[in-house]
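>>> I would like the atomic coordinates for the input below:
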Amino acid sequence: MSVRVVTDSTCDLPEAVRRQSGIVTVPLRLHFADEVFRDRVDLDDSEFVRRLVQGKLPPSTSQPPPGDFEAVYRQLLADGADEIVSVHIASALSGTVSSANIAAHAVDPQRIHVVDSRTVSLGTGFLVLEAVARAEAGDSAAEIVARLATMPTRVGIICLLDTLRFLLLGGRIGKVRAMLGTALAIKPLIGLGPDGSVVPLGRVRSRASGVRRLAELLAEHRPLERCGVIYVGAPDEGLALAEQTRRTYPDMEVIADHCSPVLSTHTGPNTLAYCYLEAEG
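Numbering: from 1, shown residues only. Below is the predicted model:
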């Protein structure tokens with residue numbers, strides 16, 4: 001049985017990984033005034049960051065229209081897929097799961113299975129990689145979906161922001177609103193709650209102490225099965241943190257990549273984050 005895996009552009013898996021694994025990616029949208037760009041298709045990371053830094057307001061973002069998913073699903077089934085597992089950004093953060101569900105019901109709801117990852121970025125990416133591994137092992141879509149349902153409680157994100165401004169402008173401030181009173185004097189640390197909503201993890205006074213705190217918070221979740229570093233417009237810092245993490249966890253692959261523009265819109269420049277998957281135990 002052939003099971004194909006679909007995700008969206010916020011999963012933050014490197015393009016080479018997605019291509020090698022046969023993962024199909026449906027892009028979200030970025031809206032700069034009257035210009036519309038497909039996430040990670042029409043703008044490269046450096047051009048996006050330039051626009052984000054220079055603009056008075058960040059772009060708005062939107063989920064892919066159902067027609068984009070429908071076209072992908074129909075093509076995969078026509079190409080010989082028996083079933084499809086479609087894994088996406090938390091429904092608490094985006095309407096992407098809703099669009100995918102509309103398309104799945106229009107095409108073939110018995111063979112297309114949409115999964116709310118209840119997380120974002122490489123958190124979603126780790127579920128996608130698990131889906132690919134299970135598909136290659138011969139599992140059915142139902143078996144893969146059941147397996148993925150056990151994972152979100154082991155997935156986490158620890159994110160160091162330069163400012164809360166972009167979360168506020170993007171309407172994603174949620175439970176971190178209490179930090180706003182001292183936002184100019186702090187570097188916020190945020191994570192995701194069980195449903196994928198943004199929650200506060202603490203605050204620090206300097207960038208250096210924030211990077212140290214990232215590593216301390218990550219260590220609280222040992223043992224780890226997977227880990228990745230995500231950054232926005234600060235590749236040297238991001239890659240240096242990834243290398244440091246590889247030395248700390250020498251037996252674990254550490255993925256490093258620029259955060260997708262859609263997610264970067266809400267976190268802002270100079271964001272640095274860990275995504276992790278706790279080991280089962």
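>>> switch to C-alpha atoms for all contacts and neighbour counts from now on
Fine.
>>> now the strands for this protein?
Per DSSP state E, the chain carries strands over the ranges 3-8, 24-26, 29-32, 35-38, 60-62, 83-88, 112-116, 155-160, 187-192, 198-204, 224-231, 254-258, 272-278.
>>> Buried residues of the last one, list them for me.
So the one you mean is strand 272-278. Across strand 272-278, burial judged by 16 or more other CA atoms under 10 Å covers 272, 273, 274, 275, 276, 277, 278.
>>> burial measure for the residue nearest to the fourth one when sequence neighbours are not counted, as a count.
So the one you mean is residue 275. Residue nearest to residue 275 in three dimensions, not counting chain neighbours: residue 157, with 4.5 Å by CA to CA, 6 or more residues apart in numbering. Using other CA atoms under 10 Å, residue 157 has 26 neighbouring residues.
>>> I'd like to know how far residue 157 sits from residue 38.
Taking CA to CA, to the nearest Å as the measure, residue 157 falls 25 Å from residue 38.
>>> Which of the buried residues of strand 272-278 sits closest to residue 111?
Here the nearest of these to residue 111, counting by CA to CA, is residue 277; it sits at 28.0 Å.
>>> So in terms of bridging, what pairs with that closest one?
residue 155, residue 226 (DSSP bridges).
>>> Counting neighbours, what do you get for residue 212?
Around residue 212 there are 10 other residues, counting by other CA under 10 Å.
>>> before we move on, what about residue 110?
Using other CA under 10 Å, the number of residues around residue 110 comes to 10.
>>> Dihedrals phi and psi, the residue positioned nearest the centre of the chain?
Nearest to the geometric centre of the chain sits residue 121, at 1.2 Å (CA atoms, centre = their mean). Dihedral pair for residue 121: phi 60, psi -140, per degrees, to the nearest 10.
>>> can you tell me how far it sits from residue 230?
Computed as CA to CA, the residue 121 to residue 230 distance reads 8 Å.
>>> who touches both of those two?
Both residue 121 and residue 230 are in contact with 12, 259, 275, where contact means CA atoms under 8 Å, 6 or more residues apart in numbering.
>>> Wait, the second one touches residue 13, no?
Spelled out, it's residue 259. No: if you go by CA atoms under 8 Å, residue 259 and residue 13 don't touch, sitting 9.2 Å apart.
>>> what is in contact with these two at once?
residue 121.
>>> Mark out where each domain of the protein begins and ends.
Domain assignment for the chain by automatic domain parsing gives 3-151, 153-278.
>>> where does the last one sit relative to the chain's centre, distance-wise?
This means domain 153-278. Taking CA atoms, centre = their mean, to the nearest Å, one finds the center of domain 153-278 at 12 Å from the center of the full chain.
>>> Quick one: the helices in the stretch 51-200 of the chain, in order.
66-78, 96-107, 122-136, 141-148, 165-169 (DSSP state H, counting those that start in this stretch).
>>> just for the stretch 51-200 of the chain, where's the confidence low?
170-185 (pLDDT under 70).
>>> CA atoms only for stretch 207-216, dumped as PDB, please.
What follows is stretch 207-216, C-alpha atoms only, in PDB (Å, rounded to 0.1, in the frame of the first residue of the first chain):
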ATOM      1  CA  ARG A 207      20.400  38.200  24.400                       C
ATOM      2  CA  ALA A 208      23.300  36.200  25.900                       C
ATOM      3  CA  SER A 209      21.300  35.200  29.000                       C
ATOM      4  CA  GLY A 210      18.400  34.300  26.700                       C
ATOM      5  CA  VAL A 211      20.500  31.900  24.700                       C
ATOM      6  CA  ARG A 212      21.800  30.300  27.900                       C
ATOM      7  CA  ARG A 213      18.300  30.000  29.200                       C
ATOM      8  CA  LEU A 214      17.200  28.300  25.900                       C
ATOM      9  CA  ALA A 215      19.800  25.600  26.500                       C
ATOM     10  CA  GLU A 216      18.700  25.200  30.200                       C
END
